[in-house]
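Asks: need coordinates for the below:
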Amino acid sequence: DILVDGKVCDCDIVVTCQVGDPVPLQVKLTNRSKHSVGPFALTMMPYQDYQNGVHNYDLQDAITFVGSNTFYIDTVKPTKDSVYFGALLFLYTGDFYLNIKFHEDNCSRELPLSWLCLPSVHIRATEPMA
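Replies: From the prediction side, this is the model:
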């Protein structure tokens, strides 16, 4: 589950926020399997989509994270949750997207590392209300 500014998000929703206001993020990983999972690294990467196949990930002048954009998850037991909190601060107006990826962080495996990607979250940063 992904919450942006306290609202549940999916790929069909555009979340609107104001430039200059921190936007709280919450990502909850629920283990629905019968076995413990982990360790993982959870990474959140903002980008702009230029609608021509180009994604701009070089946004350090437009967006900043309050805290870290990467969280490490040791183990999530069956039927349990692991919740991670962060915040974004938008410095300019525009339409932005947030890629959220879980990277398998287990070096004892012989298989290649794998990624679980959630649908991108669409966030529209607008001018502050006067």
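
Asks: work out for me the element the closest residue to D1 other than its chain neighbours sits within.
Replies: Leaving aside its sequence neighbours, D1 sits nearest to K28 (Cβ to Cβ, 6 or more residues apart in numbering; 4.4 Å). Placement of C-beta: from N, CA and C, glycine included. Taking DSSP states H and E as the definition, one finds K28 inside strand 22-30.

Asks: pull out the buried residues from that strand.
Replies: 22-23, 25-27, 29 (16 or more other Cβ atoms under 10 Å).

Asks: just stretch 46-53 next, same as before
Replies: Taking 16+ other Cβ under 10 Å as the basis for neighbour counts, the residues of stretch 46-53 that come out buried are 46-48.

Asks: after the strand holding K28, next one along is what?
Replies: That would be, after strand 22-30 and using DSSP H and E, strand 40-49.

Asks: listing partners with orientation, what would you give for that following strand?
Replies: Strand 40-49 has its sheet partners listed here by DSSP bridges as strand 55-56 (antiparallel), strand 70-73 (antiparallel), strand 94-104 (antiparallel).
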